[in-house]
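Mind looking at a prediction? Sequence and model below.
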Amino acid sequence: MSIYYKESNSEEIAQIFNKKIIYYGDMARLSPKNVVNFHFGEKYLYGRVSVDSVPMIFKSQKGLKRFTGKTNKEDLKAVNFVVDNFEAMAQRFRKHARMGLIDKDDQYMSDLKVYKAYEDPTVLYTNYARAYFKSVAAAFRQENSNIINFEQFINALNSYLEATTNSKLPFTMPAFIKSRLCPLSVSGLVIEIADLKHSNDDQKIQQFVNSKNWDFYANTCNTYGFMIDMNAPWRLVADLDTVSMLSYAAKYKMPNIYSVFMTLYRSPAYGYFNKLKFDLLRLYNTIKPTQATFDDGCTRRIITPVEYTSESLDEIFGEEYFLKLYFNIRFMEEESKFTDAEKNRLISEAIQVYRTHGKGTTIAIFESILNKMFDYRGSLSYIIKAINKMKAEQEGLDSGTTESTYEGVMTGGGY
């Protein structure tokens, strides 16, 4: 067992704590500035939220590009200009290895090989939600809930969410994107050149920091505009605030950070909301019993729960009901300082925006306020002014004024 560095999470808690302090101290002392701790503060949100902390995901597979160099498996992709930049850097590593300027026998830092890159957040969330909904259904069954209609189900679900959201288990996709359950790789800005265990700090030191090639590796990554993850030195993250990275982006008509954000990213909120009622209906059908029994001590009744389709849900409850439900769930998920009165007022104003500007704009402006894009002053006119300002700023960048466009304008871009 290593004296100074953690080798696994099975060590005693006190040892893990002390060894982690040593590891971070040594990494900070031995590494250049482009070695970044993505577990610290808001850095862990890099590439997953806009500059205003609004959750974002990659907009289209068209912006991704396959690696042509060495990869651990087929079909690994990342953002187009990030791939170009990385492969140019990999070529420099190979050249220096051939010339004997670096150790050509280094397993990871001589002939760079891609082991992991872009991960689809929709797939990750779908898998997470499937497991999450199973746990919710199990909790309801354990309580022997006699739910006989959708409204009862929503009331029970809200009570469940109020009791569990503090455990940092997100319900919606936007909250999942911001959570620590969602990896940096969903941004398309991340490339991993090894498949080592994240729990083994000793291996990180021995195979990377103590390598003969470490200084060349760190400095070359810096030259090409890549940050190195302090907690996983094999993980490279494109730094969009560097001339080198943006010079490659410019070849794809993205000459600055803003154009990168607007071209590549969008908010997941609008698309997620359109699926919400279907997810809730499936969960309701999973939870409701075949028959519910009610006994008040005098009479015993057996009731068959109400059956719904997505169409009947729309007819009975309407879009505004689901918007209010979404807004309330998002309030529970986010750490906000809104009072109950402010929440109710914001929801009321958002519904008024929906009636005049449509669903996409409403969800976008709500997410912007919720994630502190601008101060909420409790005024519908203020919200309308904010919408108009955002539209004005977007002129010349987008054509048309569809709901999806507003969503991208208001919540896309940044970190």
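Yes, it's here. Residues are numbered from 1 along each chain as shown.

Only C-alpha atoms from now on, for both contacts and neighbour counts.
OK.

show me where this protein has strands.
Along the chain, the segments classed as strands by DSSP state E run 35-36, 57-58, 64-66, 77-79, 190-192, 226-229, 232-238, 265-266, 292-295, 300-303.

rank the ones you listed by mean pLDDT and give me the bottom one.
The weakest mean pLDDT among the strands of the chain belongs to strand 292-295, with a mean of 67.

ok, the nearest residue to Phe86 once chain neighbours are set aside - how many residues close by?
Of all residues beyond its chain neighbours, the one nearest Phe86 is Tyr224 (7.8 Å), with distances taken as CA to CA, 6 or more residues apart in numbering. If you count neighbours by other CA atoms under 10 Å, Tyr224 ends up with 20.

which intervals of the stretch 151-300 of the chain have sub-threshold pLDDT?
166-167, 294-297 (pLDDT under 70).

Would you map the helices across it?
173-178, 201-204, 214-223, 243-250, 257-264, 269-287 (DSSP state H, counting those that start in this stretch).

Check the ones you listed for me and report the most buried one.
The highest mean neighbour count among the helices of the stretch 151-300 of the chain, using mean count of other CA atoms under 10 Å, belongs to helix 173-178: a mean of 23.

Please name every helix or strand in contact with that helix.
Applying 3 or more CA pairs under 8 Å, 6 or more residues apart in numbering; DSSP states H and E, one finds that helix 173-178 makes contact with helix 121-142, helix 269-287.

Which of these sits closest to Ser199?
Evaluated with CA to CA, these place helix 121-142 nearest to Ser199, the distance being 21.6 Å.

Would you mind listing the outside residues contacting the closest one?
57, 171, 173, 176-177, 182, 186, 283, 286-287 (CA atoms under 8 Å, 6 or more residues apart in numbering).

Show me the one of the strands of the chain that comes nearest Asn213.
Closest to Asn213 of the strands of the chain, according to CA to CA: strand 232-238, at 12.6 Å.

CA-only coordinates of that closest one, as PDB, when you get a sec.
Listed next in PDB are the C-alpha coordinates belonging to strand 232-238 (Å, rounded to 0.1, in the frame of the first residue of the first chain):
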ATOM      1  CA  ALA A 232      -7.600  12.300 -13.900                       C
ATOM      2  CA  PRO A 233      -4.400  13.500 -15.600                       C
ATOM      3  CA  TRP A 234      -5.300  11.500 -18.700                       C
ATOM      4  CA  ARG A 235      -8.500  13.600 -19.200                       C
ATOM      5  CA  LEU A 236      -8.000  16.600 -21.500                       C
ATOM      6  CA  VAL A 237     -10.500  19.400 -21.700                       C
ATOM      7  CA  ALA A 238     -10.600  21.900 -24.500                       C
END
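
if we can go back for a sec, using JSON lines, please lay out the helices and strands packed on helix 173-178 together with distance to Asp26.
Shown next, in JSON lines, are these (distance: least, CA to CA, whole Å):
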{"stretch": "helix 121-142", "distance to Asp26": "33"}
{"stretch": "helix 269-287", "distance to Asp26": "41"}
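
between these, which one is nearest to Val51?
helix 269-287 (16.4 Å).

contacting residues around the closest one?
By CA under 8 Å, 6+ apart, helix 269-287 touches 133, 137, 140-141, 147, 150, 153, 172-174, 308-310, 322, 326, 359-360, 363-364, 367, 404, 407.

Just give me how far stretch 354-361 sits from the chain centre.
Centre-to-centre, stretch 354-361 and its host chain are 25 Å apart (CA atoms, centre = their mean, to the nearest Å).

Let's see it as CSV, backbone CA atoms only.
Only the C-alpha atoms of stretch 354-361 are listed here, as CSV (Å, rounded to 0.1, in the frame of the first residue of the first chain):
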residue,chain,number,x,y,z
TYR,A,354,-46.8,31.5,-22.2
ARG,A,355,-50.2,32.9,-23.3
THR,A,356,-48.6,35.5,-25.5
HIS,A,357,-45.1,34.2,-26.4
GLY,A,358,-45.5,30.4,-26.5
LYS,A,359,-44.1,27.4,-24.6
GLY,A,360,-40.4,27.6,-25.7
THR,A,361,-39.9,31.3,-24.8
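
Only the buried residues of it, if you could.
354, 357, 359-361 (16 or more other CA atoms under 10 Å).

now stretch 29-39
So for stretch 29-39, counting by 16+ other CA under 10 Å, buried means 31, 34-38.

Quick one: end-to-end length of that stretch, please.
End-to-end distance for stretch 29-39, by CA to CA, to the nearest Å: 18 Å.

could we number from 7 for the rest of this?
All right, first residue 7 from here; so that's stretch 35-45.

any idea how far the residue of the chain most remote from its centre is from Ser151?
For the chain, the largest distance from the centre (CA atoms, centre = their mean) belongs to Cys304, which lies 53.0 Å off. As judged by CA to CA, Cys304 and Ser151 stand 21 Å apart.

Please apply the same query to Ala169.
Per CA to CA, Ala169 is found 16 Å from Ser151.

out of those two, which sits in the busier spot?
Using other CA under 10 Å as the criterion, Ala169 and Ser151 rank with Ser151 on top: 16 against 11.

what sits against the more buried one?
Lys294.

Just the local confidence number for it, please.
On pLDDT, Ser151 comes in at 74.

where are the low-confidence patches of the stretch 7-156 of the chain?
In the stretch 7-156 of the chain, residues with pLDDT under 70: 7, 150.

Send me stretch 158-165 as PDB with only the CA atoms.
Output of stretch 158-165 as PDB, limited to C-alpha atoms (Å, rounded to 0.1, in the frame of the first residue of the first chain):
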ATOM      1  CA  GLN A 158     -53.400  12.100  -6.400                       C
ATOM      2  CA  PHE A 159     -50.300  10.700  -8.000                       C
ATOM      3  CA  ILE A 160     -48.900  14.200  -8.700                       C
ATOM      4  CA  ASN A 161     -49.600  15.200  -5.100                       C
ATOM      5  CA  ALA A 162     -47.800  12.200  -3.700                       C
ATOM      6  CA  LEU A 163     -44.900  12.600  -6.200                       C
ATOM      7  CA  ASN A 164     -44.500  16.300  -5.100                       C
ATOM      8  CA  SER A 165     -44.300  15.200  -1.500                       C
END
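
who touches that stretch?
Contacts of stretch 158-165 (CA under 8 Å, 6+ apart): 153, 290, 335.
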